[in-house]
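Colleague: how would this look folded up:
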Amino acid sequence: MQSPEKLSRAATAYVAVPQDGRYGHTVYSGSGLTTAQIVAGAFTRQLTRVEQAARPETHDSALEAAKKMGATYLISPSIAHWEDRATAWSSRSDKVEVQISIYDPATGRLIERGVVAGRSGLATLGGDHPQDLLPQPVKQYVDSLF
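Modeller: Numbers count the residues shown, from 1 in each chain. Purely as a prediction, here's the structure:
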């Protein structure tokens, strides 16, 4: 496996907002915005400037917004899995999986793509939700890029 390309700390980034996560017929309203905020927060600790979109947009629209901002990177998270369970009663874990793609806005070239995931334990007493499982693995992944 090839190691990821190291990113520049002197860079700027535009973070896109993914579509809300869903599991079966359930759509988790606001999960896209929450995911973008977690991803943007992790990159804010590493980069000079990070701006986040206000709402979901197409990939092409996000590339254009990143170019307009003059961003070095377009960071585009997408929710692959979002499952919020009543774990204490169902004995089923909360699960989340997010793919983070990083593009060069000037060329549209994919620079790096990674997947972060989290799963709650069974003894959470209802305290975990998918959004609670994201900050640590996202931070670890982002830190590995620098």
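Colleague: contacts, neighbours, all on C-alpha from now
Modeller: Will do.
Colleague: For the spatially closest residue to residue 20 that is not a sequence neighbour, list the residues it contacts.
Modeller: The shortest distance from residue 20 to any non-neighbouring residue, by Cα to Cα, 6 or more residues apart in numbering, is to residue 32 (4.3 Å). Residues counted as contacts of residue 32 (Cα atoms under 8 Å, 6 or more residues apart in numbering) are 17, 18, 19, 20, 21, 56, 78, 79.
Colleague: could you point out which element follows whatever helix or strand residue 32 lives in?
Modeller: Secondary structure assignment for residue 32, by DSSP states H and E: helix 31-44. Sequence-wise, the next helix or strand downstream of helix 31-44 (DSSP H and E) is strand 49-56.
Colleague: For residue 98, see how far away residue 38 is.
Modeller: Distance from residue 38 to residue 98, counting by Cα to Cα, to the nearest Å: 11 Å.
Colleague: Now do the contacts for the residue nearest to the spatial centre of the chain.
Modeller: With distances taken as Cα atoms, centre = their mean, the residue of the chain nearest its centroid is residue 77 (4.0 Å). When contacts are counted by Cα under 8 Å, 6+ apart, residue 77 touches 15, 16, 17, 18, 35, 36, 39, 98, 99, 100, 101.
Colleague: what comes up buried for the host helix or strand of the first one?
Modeller: So the one you mean is residue 15. Element membership for residue 15, per DSSP H and E: strand 12-17. The neighbour-count check on strand 12-17 (16 or more other Cα atoms under 10 Å) flags 12, 13, 14, 15, 16, 17 as buried.
Colleague: Mind putting the residues you listed into JSON lines with distance to residue 119 and pLDDT?
Modeller: Below are the buried residues of strand 12-17 laid out as JSON lines (distance: Cα to Cα, whole Å; pLDDT from 0 to 100):
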{"residue": "12", "distance to residue 119": "31", "pLDDT": "98"}
{"residue": "13", "distance to residue 119": "28", "pLDDT": "98"}
{"residue": "14", "distance to residue 119": "28", "pLDDT": "98"}
{"residue": "15", "distance to residue 119": "24", "pLDDT": "98"}
{"residue": "16", "distance to residue 119": "24", "pLDDT": "98"}
{"residue": "17", "distance to residue 119": "22", "pLDDT": "98"}
